[in-house]
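**Student:** here is a sequence together with a model predicted from it:
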Amino acid sequence: MLKPSLHTSKPSPATFLNRTFILVYAIAIFAHFYRHFRNLISSPSLTTTTLFISDLILSFLWATWQAFFLNPVHREVFPENLRLVAEETEYLGLDVFVFTADPLKEPPVAVVNTVLSVLAYDYPTEKLSVYVSDDGGSELTLFAFMEAAKFAKYWLPYCRKYNVMDRSPQVYFGNDPCLFPETKDIQRMFEKMKATIQNVVDRGTVDQDEINDDPAFKSFTKWTHEFTRHQHPTVIEILLKSNEDKDVTDHYMPNLIYFSRKKNKNIPHHFKGGALNALIRVSTVLTNAPMFLTLDCDMYSNDPKTPLRTLCFFLDPNVDPKLAFVQFPQRYHSINKNDTYGAEFLLETQVSPLGMDSWGGMLFMGTGGFFRRQALLEDASEPQRLWNEPIDESGDVLQLAHRVASCTYEENTKWGQEIGFRYGSLVEDIFSGFRLHCSGWKSVTCNPTRAAFLGNTPRSLHDFLAQINRWYMGMLQIGLSKFSPMTFGMKFMNPLHALCYSHYLFRPFLSIPVFVYAFLPQVALVNSSPIFPKVSDPWFYLYVFLFVGAYGKEFIDYVMAGLGFKKWWNHQRMWLIIGCSSYPSSLFDWSLTSLGMSTSDFNVTNKASNDELSKRYEQGVFEFGVGSTLLLAVNIVAVVNLIGFVIGMKQVLMKSGRFEELFMQLFIAGFGVVNSLPVYEGMVLRSDKGKMPTKIVLKSVCVALVVYWMFSWAF
Ligand SMILES: O=c1ccn([C@@H]2O[C@H](COP(=O)(O)OP(=O)(O)O[C@H]3O[C@H](CO)[C@@H](O)[C@H](O)[C@H]3O)[C@@H](O)[C@H]2O)c(=O)[nH]1
Ligand SMILES: [Mn+2]
């Protein structure tokens with residue numbers, strides 16, 4: 001009998017249209033470069049050369065981006081068929097790793113919700129273990145999880161009994177749930193737990209009277225005077241044990257383990273990559289499930305059946321034995337109506353993964369990835385135990401777990417280089433996924449209609465741009481290293497796969513054409529110097545096609561994904577803002593770091609938010625509040641374009657015949673102005689706390705005037 005299928009993959013119906021568009025657009029680019037070469041030869045100048053270089057970078061990024069559209073695949077999974085293929089006893093053991101690093105930026109109450117949402121997975125409890133990795137080494141976080149373990153004894157059976165979908169209690173109770181007989185009681189317990197945790201967090205220490213039973217008190221004795229977040233011993237606390245602890249209905253619970261690796265301020269800890277590797281080793285000693293899931297602390301589970309969907313790949317007898325991970329792309333719960341900051345990253349999280357999938361697999365996105373443990377332990381000589389046995393708390397096992405968690409354990413080993421998650425980039429996720437792909441491992445994208453996980457995005461523009469700055473600094477650390485996809489990648493992976501990686505890793509260079517188009521046409525315009533073909537010139541229509549083609553295609557991608565005009569508009573505006581802020585800043589950071597003048601640092605994104613800020617975000621106004629230097633160039637560009645547009649208009653109106661020649665420059669300046677409207681608003685029209693500080697406004701205006709004055713000589 002034919003076995004029922006667990007998953008299918010279908011080519012995208014739009015592929016033919018996409019390929020046709022790529023062909024036509026590529027021909028237009030070639031024609032454009034023909035003109036560029038002619039100009040370079042006939043009238044070489046700073047302007048022609050600058051425009052040529054900018055267009056070269058734009059074309060490289062366009063070409064690499066097309067690798068995502070040549071052969072996208074849609075995958076579907078059928079967890080309902082799982083029972084026909086495998087018995088529940090054959091399901092793979094699953095270790096879930098949840099990462100937190102700072103109790104102030106990542107409120108423990110929120111981390112607890114994430115952990116409860118996965119602890120309550122629809123999965124055989126004896127096969128499930130949840131580890132909390134606390135890089136902040138905080139007794140507050142440990143305390144929060146002791147409370148969570150108690151609440152879980154009520155929450156898990158409740159979810160099971162009523163087949164609850166939202167297993168993060170915060171989300172569940174926030175959505176006005178149906179009232180079952182126990183609902184009110186459970187909600188009361190939940191509120192009480194939250195208050196107890198918040199109380200301790202607000203006070204900043206755990207008091208003895210908060211801990212009633214003795215063994216719990218012993219755990220906190222590790223937090224001595226010498227204990228700091230940068231220098232402390234390993235802490236491993238088994239808060240729930242699967243063969244011992246039962247819930248209130250007498251069912252066994254999954255394992256819940258608090259873990260904080262040993263730190264020493266003189267030994268590099270490699271941020272999240274280091275935490276991941278330490279946890280891989282510790283879990284190998286304690287539970288050693290063949291599959292593990294990595295989750296950021298703000299990414300709660302939105303679907304209790306997600307592990308079953310993953311099994312549709314890992315338990316498929318025909319699946320590629322080199323399948324390393326299944327990635328559920330990032331999706332977010334906290335985005336405002338029109339996505340002011342383009343934080344949904346629709347193209348990056350929903351569209352492009354399908355395109356990478358057919359070349360060997362989508363990126364690892366740091367969170368929402370289910371891994372085959374073996375993929376990261378290839379050639380490791382670590383001590384391992386058989387999974388699916390109760391945790392052995394004997395001295396030997398715990399001693400071993402402490403040994404592998406030590407900050408010196410990795411010295412003179414291949415950890416971080418050839419095994420585990422790889423070090424050397426601030427985007428350890430992308431780097432590690434890339435290295436796995438280069439050694440023949442594969443990955444698949446799974447993006448069910450109901451999101452598997454939902455996360456948080458920054459609500460202030462500065463935090464958002466700083467996060468992107470860090471990501472792209474990390475991308476450059478890979479792209480400009482010996483592991484560049486253009487050299488190393490081309491050798492060890494499908495070249496089209498390598499092109500996809502190149503697109504992301506070299507994106508910061510987009511800042512060069514963005515700056516050129518934000519300044520050059522405007523300065524030339526003010527000096528009444530035409531630099532583009534005039535409207536009656538046939539080459540003008542090539543420019544129109546290139547512009548409308550690029551923008552129109554992206555607009556269609558947005559509409560096809562079910563998002564409207566406003567979201568697309570905000571996305572394209574952010575594309576320009578990021579091009580003037582995070583991208584150039586990441587290039588700057590990379591240069592400083594490679595010159596040895598700075599060290600790269602993983603600044604944890606702030607997940608706490610205040611009411612006022614949240615309210616402004618919901619209203620969709622930009623948050624300029626802190627005087628962010630990242631935004632300085634964005635402001636300067638806004639002022640330069642406004643001046644350019646106004647003076648340009650004056651010239652066109654005063655002298656007849658100029659309009660045709662200067663139309664393109666006027667259009668570009670006008671486009672800059674329309675995109676900068678929220679910036680002008682923040683500069684002069686607003687009075688709330690999120691407006692731009694006056695100092696920054698004055699600085700921007702001064703620099704803009706200097707730019708005009710300085711570059712006028714060139715025309
Ligand atoms: O030294 C550190 C720093 C961070 N984290 C954790 O890493 C996660 C991500 O940190 P966050 O500040 O939220 O950064 P983001 O930029 O939002 O994270 C994205 O980018 C990271 C780097 O590429 C990936 O690791 C993440 O999974 C991905 O969501 C959080 O759970 C942190 O607690 C640690 O465990 N140790
Ligand atoms: Mn995050």
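**Tutor:** Received the coordinates, thanks. Residues are numbered from 1 along each chain as shown. Ligands and ions are numbered 1, 2, ... in the order given.
**Student:** contacts for the lowest-mean-pLDDT helix or strand in the chain?
**Tutor:** The helix or strand of the chain with the poorest confidence is helix 214-220; it has a mean of 79 (mean pLDDT, DSSP states H and E). If you take CB atoms under 8 Å, 6 or more residues apart in numbering as the criterion, helix 214-220 is touched by Glu139, Leu142, Phe143, Met146, Val206, Gln208, Ile211, Val235, Glu237. Backbone N, C-alpha and C define where each C-beta goes, glycine included.
**Student:** what sits closest to the second one if chain neighbours are left out?
**Tutor:** If the residues on either side of it in the chain are set aside, Leu142 comes closest to Tyr258, at 5.3 Å by CB to CB, 6 or more residues apart in numbering.
**Student:** and after the least confident helix or strand of the chain, which helix or strand comes next?
**Tutor:** Beyond helix 214-220 on the C-terminal side, the first helix or strand identified by DSSP states H and E is strand 235-240.
**Student:** adjacent strands (with direction) for that next one?
**Tutor:** Strands that pair with strand 235-240, judged by DSSP bridges, come out as strand 255-260 (antiparallel).
**Student:** what is the neighbour count of the residue nearest to Leu142?
**Tutor:** Using other CB atoms under 10 Å, Tyr258 has 24 other residues around it.
**Student:** thought it was touching Leu239?
**Tutor:** Yes: at 5.9 Å, Tyr258 and Leu239 qualify as touching, with contact defined as CB atoms under 8 Å.
**Student:** which residues are common contacts for these two?
**Tutor:** With CB under 8 Å, 6+ apart as the test, Tyr258 and Leu239 both reach Phe145.
**Student:** correct me, but Ser242 touches Pro254?
**Tutor:** Yes: using CB under 8 Å, Ser242 makes contact with Pro254 at a distance of 5.7 Å.
**Student:** list the residues that contact Thr221.
**Tutor:** Thr221 touches nothing, counting by CB under 8 Å, 6+ apart.
**Student:** list phi and psi for it.
**Tutor:** phi -70, psi -20 (degrees, to the nearest 10).
**Student:** again with Ala86
**Tutor:** Dihedral angles (degrees, to the nearest 10) for Ala86: phi -140, psi 150.
**Student:** and it, what does it touch?
**Tutor:** Leu311, Leu315.
**Student:** equivalent analysis for the one 3 residues further on, please.
**Tutor:** Contact analysis of Thr89 by CB under 8 Å, 6+ apart lists Pro124.
**Student:** and Asp102, by the same measure?
**Tutor:** So Asp102 contacts Asp135, Gly136, Ser138, Val604 (CB under 8 Å, 6+ apart).
**Student:** which element is the residue of the chain found nearest ligand 1 on?
**Tutor:** Across the chain, the shortest distance to ligand 1 (CB to the nearest ligand atom) belongs to Gly366, at 2.1 Å. Using DSSP H and E, Gly366 falls within no helix or strand.
**Student:** what about it, how many residues close to it?
**Tutor:** A count of nearby residues for Gly366, using other CB under 10 Å, gives 24.
**Student:** swap in Ser614?
**Tutor:** 13.
**Student:** ranges for the strands of the protein?
**Tutor:** Using DSSP state E, the strands of the chain run over 7-11, 73-77, 94-100, 128-134, 235-240, 255-260, 291-296, 300-301, 323-327, 369-372, 442-445, 453-454.
**Student:** wait, doesn't Leu94 sit right on Thr294?
**Tutor:** No: using CB under 8 Å, Leu94 makes no contact with Thr294, being 11.8 Å away.
**Student:** tell me the centre residue of this protein?
**Tutor:** Nearest to the mean C-alpha position of the chain, by CA atoms, centre = their mean, lies Met365 at 6.1 Å.
**Student:** pLDDT averaged over stretch 361-374 - what is it?
**Tutor:** For stretch 361-374, mean pLDDT is 97.
**Student:** just the CA trace of it, in CSV.
**Tutor:** The C-alpha trace of stretch 361-374 is given here as CSV (Å, rounded to 0.1, in the frame of the first residue of the first chain):
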residue,chain,number,x,y,z
GLY,A,361,17.7,25.5,1.9
MET,A,362,16.7,28.7,3.5
LEU,A,363,18.8,30.7,6.0
PHE,A,364,18.8,29.8,9.6
MET,A,365,17.0,32.8,11.2
GLY,A,366,18.2,32.3,14.8
THR,A,367,14.8,31.4,16.1
GLY,A,368,12.1,29.0,15.1
GLY,A,369,14.6,26.4,13.7
PHE,A,370,14.3,22.7,14.5
PHE,A,371,17.7,21.1,14.1
ARG,A,372,18.8,17.5,13.8
ARG,A,373,21.3,17.5,16.6
GLN,A,374,23.7,15.4,14.6
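**Student:** in that stretch, which residues are buried?
**Tutor:** 361-373 (16 or more other CB atoms under 10 Å).
**Student:** and it, how far out from the chain's middle?
**Tutor:** Distance of stretch 361-374 from the chain centroid (CA atoms, centre = their mean, to the nearest Å) equals 13 Å.
**Student:** next: stretch 224-234.
**Tutor:** The answer for stretch 224-234 is 30 Å, by CA atoms, centre = their mean.
**Student:** that one and ligand 1 in contact?
**Tutor:** No: contact of stretch 224-234 with ligand 1 (CB under 6 Å from any ligand atom) is absent, the minimum separation being 10.1 Å.
**Student:** what's the average pLDDT for that stretch?
**Tutor:** Mean predicted lDDT for stretch 224-234 stands at 94.
**Student:** could you list the buried residues of it?
**Tutor:** Under 16+ other CB under 10 Å, the buried positions of stretch 224-234 are Arg229, His232, Pro233, Thr234.
**Student:** filter the contacts of helix 214-220 down to the buried ones.
**Tutor:** Glu139, Leu142, Phe143, Met146, Val206, Ile211, Val235, Glu237.
**Student:** got the domain boundaries for the protein?
**Tutor:** According to automatic domain parsing, the chain comprises the domains 11-26+55-70+494-714, 79-451.
**Student:** hey, which of those domains is tucked in deepest?
**Tutor:** domain 79-451 (a mean of 19; mean count of other CB atoms under 10 Å).
**Student:** tell me how far the ends of that domain are from each other?
**Tutor:** 15 Å (CA to CA, to the nearest Å).
**Student:** give the contact list for Val111.
**Tutor:** Val98, Thr100, Val132, Thr141, Ala144, Cys297, Asp298.
**Student:** possible to save those residues as JSON lines with pLDDT?
**Tutor:** Putting those into JSON lines (pLDDT from 0 to 100) gives the following:
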{"residue": "Val98", "pLDDT": "98"}
{"residue": "Thr100", "pLDDT": "98"}
{"residue": "Val132", "pLDDT": "98"}
{"residue": "Thr141", "pLDDT": "97"}
{"residue": "Ala144", "pLDDT": "97"}
{"residue": "Cys297", "pLDDT": "97"}
{"residue": "Asp298", "pLDDT": "96"}
